[in-house]
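Q: build me a model:
(one chain, ligands or ions: 1)
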Amino acid sequence: MQRGFWGALKKPIWALAPMADVTDAAFRRIITKYGKPDIMWTEFVSCDGLCSPGREILLRDLWYTEGEHPIVAQFFGANPDNFYACARLARELGFDGIDINMGCPERNVVKQGAGAAHIQNPVLAKEIVQATQSGAGDLPVSVKTRIGFNAIALEEWLGHLFEMDLAAITLHARTKKEMSLVPAHWDVVARAVAMARALPEDQRPLILGNGDVSNLTEAAERVEETGADGVMIGRGIFGNPWFFSPMGDTATKSLEERFRVMLEHIYLFEELFYGKKNFDVMKKHYKAYVVGFEGAKELRVRLMEARTAGEVETIVRAAYPNV
Ligand SMILES: Cc1cc2nc3c(=O)[nH]c(=O)nc-3n(C[C@H](O)[C@H](O)[C@H](O)COP(=O)(O)O)c2cc1C
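A: Presented below is the predicted three-dimensional model:
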């Protein structure tokens, strides 16, 4: 088994989840500066797209800076040859690991036989993992998945994954059908850990649990309850780049500090992606930065009209001149 950087991580491992149009190169730089997790993932990137003439555009989703190591490239798709090619690409680009998305529930992804569709097709899933491992060389390969497709099928699905010689498995503790509509089933993560512990040490992948964790105290509680090697956090990072900081999260920051970092984030987004990514991507972030104080709603409404970082700054300064 290629454990690579995973073998050097101190437990419990705190990981930043891959989130399309959220954990892009700009936001990851901000997070690196204000509260760096133990590992970060890129957003998921289509293997078919990376192996097509449209490749250049998708390569932006694989931009990262040296400060972000260890960083894992996440791919989705259903074609083993393309996974092989993308694994080689990840190696050339200097990533520390490769993760295969086997959990995305979106219709257009599942329809391609990718994302959560792999849960229903373990034969293809295995072929994809093997193709990725042969392209990956000495880089470790991991999988991020869910606990079943229509119903919880942990034992069966994990049994297949355990045959794939993976360095780590992240379990988003919901089925594909549940999307994000019910609370995560952390008891199922505990079952996964028990199954992993029954394997010989040299064949045991690390198990990370994921779902609904909103601060590091909760993350530590989930580790305590389940025995997981770590926790992955997704939505908890919205508007809170301090999430992983030992110096405290957004609740401890003044409004001025939150706005200052929001503006830094927006200017960085513009610098990296001007004319390349839709500025509307930033709307998700304002919604999260601009909450929990009097006048927040009015300010958010005004920010929705902004089309450039400069316009955002003007709107914020008009309301809060001290920023
Ligand atoms: C906006 C958004 C984009 C996401 N994009 C991805 C993705 O690219 N790859 C992936 O494996 N999961 C993706 N996810 C799922 C998250 O990684 C995570 O599994 C999920 O949000 C549950 O964790 P949380 O409750 O901590 O948010 C996405 C989730 C959100 C909300």
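Q: and Asp99, which of the three is it?
A: Three-state assignment for Asp99 (DSSP: H, G, I helix; E, B strand; the rest coil): strand.
Q: tally of neighbours for it?
A: Asp99 sits with 28 neighbouring residues when counted by other CB atoms under 10 Å. C-beta here means a position set from N, CA and C on the backbone, and glycine is covered the same way.
Q: got it, and Arg307?
A: 9.
Q: repeat for Glu163
A: Residues near Glu163, counting by other CB under 10 Å: 11.
Q: excluding chain neighbours, what is closest to it?
A: Lys126 (6.9 Å; CB to CB, 6 or more residues apart in numbering).
Q: can you check the pLDDT for the one you found?
A: The confidence metric pLDDT takes the value 98 at Lys126.
Q: so Leu208, which of the three states?
A: Under three-state DSSP, Leu208 comes out as strand.
Q: nope, Met179 is what I was after
A: What three-state DSSP gives for Met179 is coil.
Q: about what we covered before: so what does the residue nearest to Glu163 have for phi and psi?
A: With angles defined as degrees, to the nearest 10, Lys126 sits at phi -70, psi -40.
Q: ditto for Ile13
A: Note on Ile13: its backbone torsions stand at phi -90, psi 130 [degrees, to the nearest 10].
Q: that one contacts Ala220, correct?
A: No. Ile13 is beyond contact range of Ala220, at 11.9 Å (criterion: CB atoms under 8 Å).
Q: if you count surrounding residues, which of those two has more?
A: Taking neighbours as other CB under 10 Å, Ile13 and Ala220 compare with Ile13 leading, 20 against 14.
Q: residues contacting the more buried one?
A: Taking CB atoms under 8 Å, 6 or more residues apart in numbering as the criterion, Ile13 is in contact with Asp38, Ile39, Leu206, Leu208, Asp229, Gly230, Val231.
Q: my guess is Ala153 meets Gly159, correct?
A: No. Between Ala153 and Gly159 there is no contact under CB under 8 Å: 9.8 Å.
Q: so for these two, which sits in the more crowded spot?
A: Neighbours were counted for Ala153 and for Gly159 using other CB under 10 Å; Ala153 has more, 16 against 12.
Q: these two touch, right, Ala220 and Trp14?
A: No. Using CB under 8 Å, Ala220 makes no contact with Trp14, being 9.4 Å away.
Q: domain parsing for the chain?
A: 4-237, 254-319 (automatic domain parsing).
Q: give me the number of residues near whichever residue of the chain sits closest to the ligand?
A: Using CB to the nearest ligand atom, the closest approach of the chain to the ligand is made by Gly234 at 2.6 Å. Gly234 has 20 neighbours, counted by other CB under 10 Å.
Q: so how far is Ala15 from it?
A: 10 Å (CB to CB, to the nearest Å).
Q: hmm, back to that, contacting the ligand as well, which ones from the contacts of Ile13?
A: When CB under 6 Å from any ligand atom is taken as the criterion, no member of the contacts of Ile13 contacts the ligand.
Q: neighbour-wise, which of these leads?
A: Val231 (28 neighbours).
Q: so that residue makes contact with Trp14?
A: Yes. At 6.3 Å, Val231 and Trp14 qualify as touching, with contact defined as CB under 8 Å.
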